[in-house]
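Undergrad: From the sequence below, what's the structure:
(chains A and B, ligands or ions: 4)
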Amino acid sequence: MNALLEIKDLKKYFKTSRGLLHAVDGINFAIERGNTLGVVGESGCGKSTLGRLIVHLLEPTGGKIFFEGRDYTNLSHQALLESRREMQMIFQDPFSSLNPRMTVKDTILEPMSIHGMFGGDQSEQTRHVGNIMDAVGLAGNLANSYPHELDGGRRQRIGIARALALEPKFIVCDEPVSALDVSIQAQILNLMQDIQSERGLTYIFITHDLSVVKHISNDICVMYLGNMVEKCPAKEIFKTNYHPYTRALLSAIPIAKTGVKRERILLKGEISSPIEPKPGCRFAPRCIDAKRDCFETQPDLVEISPRHIVACHLYSNVRAIKK
Amino acid sequence: MKKDTILEIRNLTVDYNSDFGTVHALNSLTLSMSRGESLGFVGETGAGKTTTALEIMGLIPYPAGVTKSGEILFEGQDLLKMGKSKLRSIRGEKISMIFQDPMTSLNPVMTVGDQIAESFRIHEKTGRAEAAQKAVRILEMVGIPGERYGEYPHQFSGGMKQRVVIAVALSCNPTLLIADEPTTALDVTIQAQVLDLISTLKKERGTSLLLITHDLGVVAEACDSVAIMYAGSVVEYGTLDDIYNRTSHPYTKGLFGSIPDIESDVDRLKPIPGLMPDPRDLPSGCAFAPRCTLSADECTLPGLGLVEIETGHLVKCRKVRA
Ligand SMILES: Nc1ncnc2c1ncn2[C@@H]1O[C@H](COP(=O)(O)OP(=O)(O)OP(=O)(O)O)[C@@H](O)[C@H]1O
Ligand SMILES: Nc1ncnc2c1ncn2[C@@H]1O[C@H](COP(=O)(O)OP(=O)(O)OP(=O)(O)O)[C@@H](O)[C@H]1O
Ligand SMILES: [Mg+2]
Ligand SMILES: [Mg+2]
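TA: Ligands and ions are numbered 1, 2, ... in the order given. The predicted structure follows:
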């Protein structure tokens, strides 16, 4: 397999006054070059933390990150700087991730000058800024505007343009289109797909919009409180899904039509805390199918069909049946 | 004026002055809401939705924002003509707003629980202990374990911060709740929970809701009527049924055509062709004409207004007739 990125048992625990908060708790996956892995899950389940770990904005508590086959977990300062060129992140929040005192042009230019792109040739760099602004649909006459003069959507385009500036191989996209209207969202998604196929880019795409994630991804990973609970080919998820959390999530998608009343699976019960989590499945307290086992041991991932894996005791006999 | 109108905006025109020109953010915007209604406010990125909300709140940034003309009648009184202290008391007691960016309304050095409790103390005059209890309860109602009461905003994820802001806004018990993209940062199960919570409160207290969102699915679930914005004015307005089943304005049609479909697989999405107009240099006549497949010579003429094509269904387009 030609994996560009592989993570093994990746963990991030934050210290809090009441103990360790398990934000990301042992996640494994690999992404092939040129593919997109969609990541979905409950707000606060650790998606952004996972993305930040991978692009080295956070130090992992445990586990390993391999990029192009090399161990990328503990980088020297120099190697870290190099890795910035290859891995970029587009942030969830366009408001706080942009420097309010920098114009659009300077924002996109800055990473290029830091990394001395085009051999430091400033006129080449400026031309490149123009091309990128064009590519993300920012009118050229906005080059000298400041972020606060622009609406949320245009600000998010600046973030995308900035990430593309260094021509990275891999981008973690943390809700890059959620601030945009659906037409511009469609434009940006098409754009991201075009750049991906032109340059062989690899994406992790974090979003709450399940129709977007299905559209853009090859595989989808569903997370719940720091764990991966299901992973499968994107096209499969709406037809065949196994984990009770995945099912609840899918049942809650609001449909843009009138008069559709669907059976929504309501999640009841106490929400587990990620701080010093109890043993067993993290979803058990809210799961309608939970058995005693579920409160005692954490389920392993089992492969139910090719590329479709689930961590749930309801399916723990599946592997045995298949063997 | 409609019977029991709670909010009526008439010909509101707002500019932002910047070093690089004047942005025409709102161009003679007209909109009304009845008491207890949920109005979905949808539209182009940069169309002026947040500006409209800030105008109602009296929070347009000074000195960049300039209200050129118009009226905002809240319970019959023009907010734009009201004195500062009266306005402040209306904003505090009757209108509350959930901001698009949660950090604009959260205090970074105060625990999330205390921020909610404080709001209960101010608005419901509850004592310290009771306010804290209520804060824990409302935190759990928005899906955050009560034991996280004592944490600070930076320890929360984006969606968790957003839920704290929602909890604060709901604790104010407003007559009109303006929610600017309240659930965009939330997953769909928690979104459903938050929308249920808002709708329960609406039923109990008759709160009116102005819901700004890009999500046409959320509008379908949570709203009674819809206003579609483009380049600073409303281009289509009607009931859910009007907008979803008798979609009339070419821009609205384009929006519905852009949504990725869950049920089918397509390689490419179909955005509306062309670019958004530069808000500093809007075309005369219909602002959507340069991108519109129906556009004809007449579309560049000035004086275009909303026309009622069927009862209560208004469209701003010369090519769409009753
Ligand atoms: N700096 C921090 N200190 C302490 N806890 C943190 C910190 N950053 C994140 N957390 C906690 O880690 C968990 C995961 O947060 P994260 O931001 O990764 O969630 P998320 O899945 O991206 O959520 P959302 O969908 O709301 O953006 C949350 O419980 C959050 O409170
Ligand atoms: N402080 C400001 N100075 C200059 N221009 C501004 C300012 N605030 C907003 N604008 C401009 O006013 C127009 C309307 O912005 P507004 O934020 O109201 O749009 P919106 O409909 O809320 O967009 P979004 O869907 O992206 O949130 C935009 O063109 C924006 O760039
Ligand atoms: Mg996040
Ligand atoms: Mg806005």
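Undergrad: contacts, neighbours, all on C-alpha from now
TA: Will do.
Undergrad: ok, what's across the strand from the residue positioned nearest the centre of chain B?
TA: Closest residue to the average C-alpha location of chain B: residue B:212 at 2.7 Å, with Cα atoms, centre = their mean. Per DSSP bridges, the residues bridged to residue B:212 are residue B:41, residue B:180.
Undergrad: Just the pLDDT at it, thanks.
TA: Reported pLDDT at residue B:212 in the predicted model: 97.
Undergrad: quick one: it from residue B:228, how far?
TA: 10 Å (Cα to Cα, to the nearest Å).
Undergrad: again with residue B:77
TA: 25 Å.
Undergrad: Comparing the two, which residue is more hemmed in?
TA: Taking other Cα atoms under 10 Å in any protein chain shown, residue B:77 and residue B:228 do not tie; residue B:228 has more neighbours (23 against 14).
Undergrad: Double-check that the more buried one belongs to a helix.
TA: No. Under DSSP: H, G, I helix; E, B strand; the rest coil, residue B:228 falls outside any helix and is assigned strand.
Undergrad: show me what contacts it?
TA: B:41-43, B:234-237, B:252 (Cα atoms under 8 Å, 6 or more residues apart in numbering or on different chains).
Undergrad: Distance-wise, check residue B:86 relative to residue B:77.
TA: 11 Å.
Undergrad: ditto for residue A:57
TA: Computed as Cα to Cα, the residue A:57 to residue B:77 distance reads 51 Å.
Undergrad: Equivalent analysis for residue B:192, please.
TA: 35 Å.
Undergrad: next one: residue B:4
TA: 13 Å.
Undergrad: At the contact with chain A, which residues of the stretch 201-322 of chain B appear?
TA: B:214-221, B:240-241, B:244-245, B:254-255, B:258-262, B:265-272, B:275 (Cα under 8 Å from any Cα of the partner chain).
Undergrad: out of the residues you listed, which are buried?
TA: B:214-221, B:240-241, B:244, B:254-255, B:258-262, B:268-272 (16 or more other Cα atoms under 10 Å in any protein chain shown).
Undergrad: Just the helices from chain A, written as ranges.
TA: A:47-54, A:77-86, A:104-114, A:122-135, A:152-164, A:182-199, A:210-216, A:244-251, A:292-296, A:318-322 (DSSP state H).
Undergrad: Please disregard the earlier target; I meant chain B.
TA: Using DSSP H, helices in chain B cover B:49-57, B:84-93, B:112-124, B:128-141, B:158-171, B:188-205, B:216-222, B:240-245, B:250-258.
Undergrad: Return the most buried member of those helices.
TA: helix B:158-171 (a mean of 24; mean count of other Cα atoms under 10 Å in any protein chain shown).
Undergrad: and it, what other elements does it pack with?
TA: For helix B:158-171, the packing partners by 3 or more Cα pairs under 8 Å, 6 or more residues apart in numbering or on different chains; DSSP states H and E come out as strand B:95-98, helix B:112-124, helix B:128-141.
Undergrad: I'd like the ones you listed laid out as CSV, including distance to ligand 1.
TA: CSV is the format used below for these (distance: least, Cα to the nearest ligand atom, whole Å):
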stretch, distance to ligand 1
strand B:95-98, 16
helix B:112-124, 11
helix B:128-141, 13
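Undergrad: Chain A: which of the ones you listed is closest?
TA: Among those, helix B:128-141 comes nearest to chain A, with 8.5 Å by Cα to the nearest Cα.
Undergrad: could you check the angle helix B:158-171 makes with that closest one?
TA: 130 degrees (axes from the mean of the first three to the mean of the last three Cα atoms, to 10 degrees).
Undergrad: helices or strands up against helix B:128-141?
TA: Looks like helix B:128-141 contacts helix B:112-124, helix B:158-171, helix B:188-205 (3+ Cα pairs under 8 Å, 6+ apart).
Undergrad: Make TSV from the helices and strands packed on helix B:158-171 and add mean pLDDT to it.
TA: As requested, those are exported to TSV (pLDDT from 0 to 100):
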stretch	mean pLDDT
strand B:95-98	92
helix B:112-124	92
helix B:128-141	93
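Undergrad: of these, which approaches residue B:285 most closely?
TA: strand B:95-98 (33.1 Å; Cα to Cα).
Undergrad: Which strands border that closest one, and is each parallel or antiparallel?
TA: The strands beside strand B:95-98 in its sheet (DSSP bridges) come out as strand B:176-180 (parallel).
Undergrad: Next, find the distance separating residue B:179 from residue B:105.
TA: With the distance defined as Cα to Cα, residue B:179 ends up 13 Å from residue B:105.
Undergrad: Between these two, which has more neighbouring residues?
TA: More crowded of residue B:179 and residue B:105, by other Cα under 10 Å: residue B:179, with 23 against 16.
Undergrad: right, and the more buried one touches residue B:102 too?
TA: No. Residue B:179 is beyond contact range of residue B:102, at 11.3 Å (criterion: Cα atoms under 8 Å).
Undergrad: Next, count neighbours for the residue in the stretch 201-323 of chain A positioned nearest to ligand 2.
TA: Of all residues in the stretch 201-323 of chain A, residue A:209 sits closest to ligand 2, with a separation of 16.5 Å (Cα to the nearest ligand atom). Per other Cα under 10 Å, the neighbour tally for residue A:209 reads 21.
Undergrad: where does chain B come near ligand 1, residue by residue?
TA: Residues of chain B lying close to ligand 1 (Cα under 6 Å from any ligand atom) are B:155-160, B:186.
Undergrad: and the residue positioned nearest the centre of chain A, what pLDDT?
TA: In chain A, the C-alpha nearest the mean C-alpha coordinate belongs to residue A:206, at 3.1 Å (Cα atoms, centre = their mean). For residue A:206, the pLDDT comes out at 97.
Undergrad: what's the spacing between it and residue A:24?
TA: 15 Å.
Undergrad: go on, residue A:6?
TA: 15 Å.
Undergrad: and these two? which has more neighbours close in?
TA: Using other Cα under 10 Å as the criterion, residue A:6 and residue A:24 rank with residue A:24 on top: 29 against 20.
Undergrad: How about whichever residue of the stretch 201-322 of chain B sits closest to chain A: what's its closest non-neighbour residue?
TA: Residue nearest to chain A within the stretch 201-322 of chain B (Cα to the nearest Cα): residue B:217, separated by 3.8 Å. In space, and not counting its chain neighbours, residue B:217 is closest to residue A:256: 3.8 Å by Cα to Cα, 6 or more residues apart in numbering or on different chains.
Undergrad: quick one on the thing from earlier: rebuild the helices of chain B as JSON lines, extending it with distance to ligand 2.
TA: Output for these, formatted as JSON lines (distance: least, Cα to the nearest ligand atom, whole Å):
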{"stretch": "helix B:49-57", "distance to ligand 2": "4"}
{"stretch": "helix B:84-93", "distance to ligand 2": "19"}
{"stretch": "helix B:112-124", "distance to ligand 2": "25"}
{"stretch": "helix B:128-141", "distance to ligand 2": "26"}
{"stretch": "helix B:158-171", "distance to ligand 2": "15"}
{"stretch": "helix B:188-205", "distance to ligand 2": "19"}
{"stretch": "helix B:216-222", "distance to ligand 2": "13"}
{"stretch": "helix B:240-245", "distance to ligand 2": "19"}
{"stretch": "helix B:250-258", "distance to ligand 2": "13"}
